[in-house]
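A.B. asks: Predicted coordinates and the sequence they were generated for:
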Amino acid sequence: MKTFYHSTQEYQEIIQEKLTNKQLRENLKTAMDTLKNNRKNLINARYTKWSDLREEGRRVKLKALTHLDALLRRFEENATKNGIKVHWASDAKEANEIIYNLMQEKKVTSILKGKSMASEEIHLNAFLKQKGLDAIETDLGELIIQLIDETPVHIVVPAVHKNRYEIGEIFQEKLGASLESQPEKLNEIARKHLRKEFKTFKMGLTGANFAIADEGAIWLVENEGNGRMTSTACDIHVAICGIEKVVESFEDASILGTLLVPSATGAPITCYNNIITSPRKEGEKDGPREVHVILLDNNRSNMLNDRNFFKSLSCIRCGTCLNHCPVYDKIGGHAYLSTYPGPIGEVISPQLFGLNNCAPMLDLCSLCGRCSEVCPVKIPLAELIRDLRSEKVGQGYGKVLGYKKEVKNSIEQFLMSGFAKNATCGKKWRSVLWLAKNLGGMGKIFHRFIPILNKWTKYRNYPKIDANLHSEIKKLQGVIYE
Amino acid sequence: MKVYFFATCLGSIAYSSACVNAIKLLQYAGFEVVFKKDQTCCGQPSYNSGYFEETRKVALYNMDLFNEDYPIVLPSGSCAGMMKHDYCELFEGHPEYQRAKEFSQRVFEVSEFLDLHSDIKLQDKGEPTRITWHSNCHALRVAKCIPSAKKLLRQLKNVTLVELEKEEECCGFGGTFSVKEPEISNAMVMEKVKDIQSRKVDYLVAGDGGCLLNISGKMQKMGLDIKSMHLYDFLAQRIGIN
Ligand code: SF4
């Protein structure tokens, strides 16, 4: 699948557009505040050892990542024994083709989809559309955005940027429903619309939250029941699963599950946990007759090879780093111009899709560190964002995809080397201070014309530059000035 | 006991009074202050932009400059976090790692140092006032020195500290972030200012020059009459040693 290069200009344009969209800002803020508060209240009230649990979660994932090939092989072996068909896809193209070929083989022209970020990552819907095939989203959020031809704005709550009034209008316009705004009524409209789809469909596609090596099983976590319909009501169930989702045992997966749900929505558990261990067995009344699992690499093994960035494969896609990001809640997920937005998106998108394709997104972070503080599996997101900036300027390990193609910013390079020269020489530094003091007044008059300064003073008053510390210190009694 | 005072770059450019007052507080608590005239910057501007090689040079320079075994005390949680935590990270896998680790153990933010290593008693001489406090992200999450700053403020008997609803939210400064992404940064500081306005206070107090420059610059531009003050200017004023 082709990836697209996004220029800084393109990023700036979309950011500007999102920032000035009042409704979007309002919706995002309300939604993020609710998610954050729910999480906080729940953790305070019910999880006395949340930080120990996080440590366990981190350990479980890092253990799995260090034995990933063995675990994947064990998963394949056990899943196959259980009657599940395991496929390997090294990239987006292969994954899409596996799905396409299955559809051809089974003679189906439409599939039902549960929520899956991996399917977004490979642009499955667009691929199928090109082939004249349909994919119908069944997750309420995904359905809403599919109706208006948008991509998910968030990895957990894909339509969080729309409020219930807007959703009512979308349903009215696209589904011919009566205009509603009550959540229950909206749910009813979606349910009615989808129920008729469930009856006739033969093939369903979902993601996978965990793949369990010891059992050859996959575990799906969802809130609405559509995932269950997709995986159970159809004759054929296909699950697309990033290779990093495999863990050793149910015990391990349950630790992650216990971290996932509170982090994602602030609820203690979800309504639906689907554990799929095999296709329908003799005498069973429901369940798919065939189960396929596609193990998707798409540069993940490259990520695994980096001694630092491999940590980002621990992500359990809870989305809480997005919910807590002060940049994300101002601009929303689309402004990141990538399938994965927010802090985790900044870390994995360049690695999955190429640093050269999405480098400007690394600037969408003030390094406040709140994401690292809340990540349930303790991924040091802010540090990794900084390390990726280092890759971008050519001072990292040079292993990230597309690293060589990234064009360096020579002005910034020049400024930084100048900074280091001045900051490693007392005399030079004092002349910088002298300049600041003497040009400070001029800056006050000319700041509008001075790049960088004008970016500051567009929104803030020009700062008071005193730069006379040394002379003040010399006047102080008792200070040893040496 | 002798301590090195490291003013940091913002301290020497825009917050000299806060530096002077921090030194006076240290003296008031009984420390002898050494000020190296060749001091510069902790290296954050290059570090946060990913220029690790340049930053290592600056870090080594500081390790050479503050070479005696004195504590290094600085009036900024952000720079303290850089020198305490990030220096170690910067030299991971490098021969100077051990040196960076030892150096980092000598670094303290001023309020943290006063809280942990002195029994300073602040006698409030000011009129009753209401203030609110902004926590710098790096001070909060990396240097972890915010509790000390608040402890000092709570010693002041005429000062009511009203906490912000979103105290732990970034103000949008983020060093070069504020000029690389000025629009997003502005949206962030706007929210901070709204929160401050809702507290009905006389002062906004913060312990870091960057955030203060950002928030006070915005409040001035908006024409608000809430005054902003650096923690050490505020403390010194309250106890009458400024
Ligand atoms: S990086 Fe951490 S916080 Fe963000 S989505 Fe992944 S697990 Fe959740």
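C.D. replies: Thanks, I have the structure now.

A.B. asks: by contact count, what packs against the lowest-mean-pLDDT helix or strand in chain A?
C.D. replies: Least confident element among the helices and strands of chain A, by mean pLDDT, DSSP states H and E: helix A:453-457 (a mean of 75). The contact analysis (3 or more CB pairs under 8 Å, 6 or more residues apart in numbering or on different chains; DSSP states H and E) places helix A:453-457 against helix B:177-180. (C-beta placed from N, C-alpha, C; glycine too.)

A.B. asks: thinking again about what came up before, going toward the C-terminus from the least confident helix or strand of chain A, what's the next helix or strand?
C.D. replies: Later in the chain than helix A:453-457, the nearest helix or strand by DSSP states H and E is helix A:469-475.

A.B. asks: Okay, buried residues for that next one please.
C.D. replies: Neighbour counts over helix A:469-475 (16 or more other CB atoms under 10 Å in any protein chain shown) mark A:469-470, A:472-473 as buried.

A.B. asks: quick one: which of the residues you listed is nearest chain B?
C.D. replies: Taking CB to the nearest CB as the measure, A:Leu469 is the one of the buried residues of helix A:469-475 closest to chain B, at 4.0 Å.

A.B. asks: Surely that closest one and B:Ala14 touch.
C.D. replies: No: in this structure, A:Leu469 is not within contact of B:Ala14 by CB atoms under 8 Å, at 9.8 Å.

A.B. asks: Against A:Ile465, how distant is the spatially most central residue of chain B?
C.D. replies: With distances taken as CA atoms, centre = their mean, B:Ser76 lies nearest the centre of chain B, 2.0 Å away. For B:Ser76, the distance to A:Ile465 equals 17 Å [CB to CB, to the nearest Å].

A.B. asks: For the stretch 251-400 of chain A, which segments count as strands?
C.D. replies: Using DSSP state E, counting those that start in this stretch, the strands found in the stretch 251-400 of chain A span residues A:272-276, A:290-296.

A.B. asks: Pick the most deeply packed of the ones you listed.
C.D. replies: Comparing the strands of the stretch 251-400 of chain A by mean neighbour count (mean count of other CB atoms under 10 Å in any protein chain shown), strand A:290-296 comes out on top with a mean of 23.

A.B. asks: Just want the phi and psi numbers for B:Ala187.
C.D. replies: Torsion angles at B:Ala187 (phi, psi; degrees, to the nearest 10) stand at phi -60, psi -40.

A.B. asks: Local confidence estimate at it?
C.D. replies: Listed pLDDT for B:Ala187 reads 96.

A.B. asks: Not counting its neighbours along the chain, what's nearest it?
C.D. replies: Leaving aside its sequence neighbours, B:Ala187 sits nearest to A:Lys330 (CB to CB, 6 or more residues apart in numbering or on different chains; 4.5 Å).

A.B. asks: if I read this right, that neighbour contacts A:Leu24, doesn't it?
C.D. replies: No: when contacts are counted by CB under 8 Å, A:Lys330 is not listed as touching A:Leu24 (9.5 Å).

A.B. asks: and the two? which has more neighbours close in?
C.D. replies: Each of A:Lys330 and A:Leu24 has its neighbours counted (other CB atoms under 10 Å in any protein chain shown); A:Lys330 has more, 27 against 21.

A.B. asks: May I ask which helix or strand of chain B has the lowest mean pLDDT?
C.D. replies: One helix or strand of chain B scores below all others by mean pLDDT, DSSP H and E: helix B:9-13, with a mean of 89.

A.B. asks: for the following helix or strand past it, packing partners?
C.D. replies: Proceeding N to C from helix B:9-13, the next assigned helix or strand is helix B:16-28, under DSSP H and E. If contacts are counted by 3+ CB pairs under 8 Å, 6+ apart, helix B:16-28 sits against helix A:469-475, strand B:2-5, helix B:9-13, strand B:32-35, helix B:110-117, strand B:227-230, helix B:231-239.

A.B. asks: okay, now the residue in the stretch 101-250 of chain A that chain B sits nearest to: neighbour count?
C.D. replies: Nearest to chain B, among the residues of the stretch 101-250 of chain A, is A:His161, at 15.5 Å (CB to the nearest CB). By other CB under 10 Å, 24 other residues sit near A:His161.

A.B. asks: Could you do the one 4 residues further on as well?
C.D. replies: Applying other CB under 10 Å, we find 12 residues neighbouring A:Tyr165.

A.B. asks: ok, it - contacts?
C.D. replies: A:Ser181 (CB atoms under 8 Å, 6 or more residues apart in numbering or on different chains).

A.B. asks: Assumed it was part of a helix.
C.D. replies: Yes: assessed with DSSP: H, G, I helix; E, B strand; the rest coil, A:Tyr165 lies in a helix.

A.B. asks: Next one: it from A:Glu26, what distance?
C.D. replies: With distances taken as CB to CB, A:Tyr165 is found 12 Å from A:Glu26.

A.B. asks: What lies in contact with the helix or strand encompassing B:Gly81?
C.D. replies: For B:Gly81, the host element (DSSP H and E) is helix B:77-81. Here helix B:77-81 makes contact (CB under 8 Å, 6+ apart) with B:6, B:8, B:42, B:44, B:74, B:107-109, B:112, B:136-143, B:145-146, B:149, B:207-208, B:210.

A.B. asks: For the stretch 201-350 of chain A, what lies in contact range of chain B?
C.D. replies: Applying CB under 8 Å from any CB of the partner chain, we find that the stretch 201-350 of chain A lies next to chain B at A:326-327, A:330-331.

A.B. asks: Put together TSV for these, with distance to A:Arg228 on each row.
C.D. replies: Output for those, formatted as TSV (distance: CB to CB, whole Å):
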residue	distance to A:Arg228
A:Pro326	36
A:Val327	35
A:Lys330	36
A:Ile331	34
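
A.B. asks: Show me the residues you listed that map onto helices.
C.D. replies: Members of these lying in helices (criterion: DSSP state H): A:330-331.

A.B. asks: any idea which of the residues of the stretch 201-350 of chain A next to chain B is closest to A:Thr457?
C.D. replies: Lowest distance from A:Thr457 to those (CB to CB) belongs to A:Lys330, with 20.6 Å.

A.B. asks: Need the per-residue pLDDT for the closest one.
C.D. replies: So A:Lys330 comes in at 97 (pLDDT).

A.B. asks: quick one: pLDDT of the residue in the stretch 1-150 of chain A positioned nearest to chain B?
C.D. replies: Using CB to the nearest CB, the single residue of the stretch 1-150 of chain A nearest to chain B is A:Leu19, 5.5 Å away. With respect to pLDDT, A:Leu19 has a value of 96.

A.B. asks: Tell me how many other residues surround it.
C.D. replies: The local packing of A:Leu19 (other CB under 10 Å) involves 18 other residues.

A.B. asks: in terms of contact, does it touch A:Leu28 like I think?
C.D. replies: No: when contacts are counted by CB under 8 Å, A:Leu19 is not listed as touching A:Leu28 (11.0 Å).

A.B. asks: what touches both of the two?
C.D. replies: A:Lys330.

A.B. asks: element containing residue 195?
C.D. replies: No chain was given, so I picked chain A. Using DSSP H and E, A:Arg195 sits within helix A:183-200.

A.B. asks: That was the other one, I meant chain B.
C.D. replies: Going by DSSP H and E, B:Asp195 is part of helix B:182-198.

A.B. asks: now for that helix, which elements pack on it?
C.D. replies: helix A:8-19, helix A:328-331, strand B:129-134, helix B:177-180, helix B:209-221.

A.B. asks: Hey, what's the angle from the last one to helix B:182-198? Just curious.
C.D. replies: Think helix B:209-221. Angle between the axes of helix B:209-221 and helix B:182-198 is 80 degrees (criterion: axes from the mean of the first three to the mean of the last three CA atoms, to 10 degrees).

A.B. asks: Please name the residues that touch B:Leu152.
C.D. replies: B:111, B:114-115, B:120, B:122, B:231, B:235.

A.B. asks: Would you mind getting the angle between the host helix or strand of it and helix B:231-239?
C.D. replies: Assigned by DSSP H and E, B:Leu152 falls within helix B:146-154. Using the same axes, to 10 degrees, the direction of helix B:146-154 lies 20 degrees away from that of helix B:231-239.

A.B. asks: Residue 233: neighbouring residues, count only.
C.D. replies: In the absence of a named chain, this looks at chain A. By other CB under 10 Å, 18 other residues sit near A:Ala233.

A.B. asks: Chain B is the one I meant
C.D. replies: Applying other CB under 10 Å, we find 21 residues neighbouring B:Asp233.
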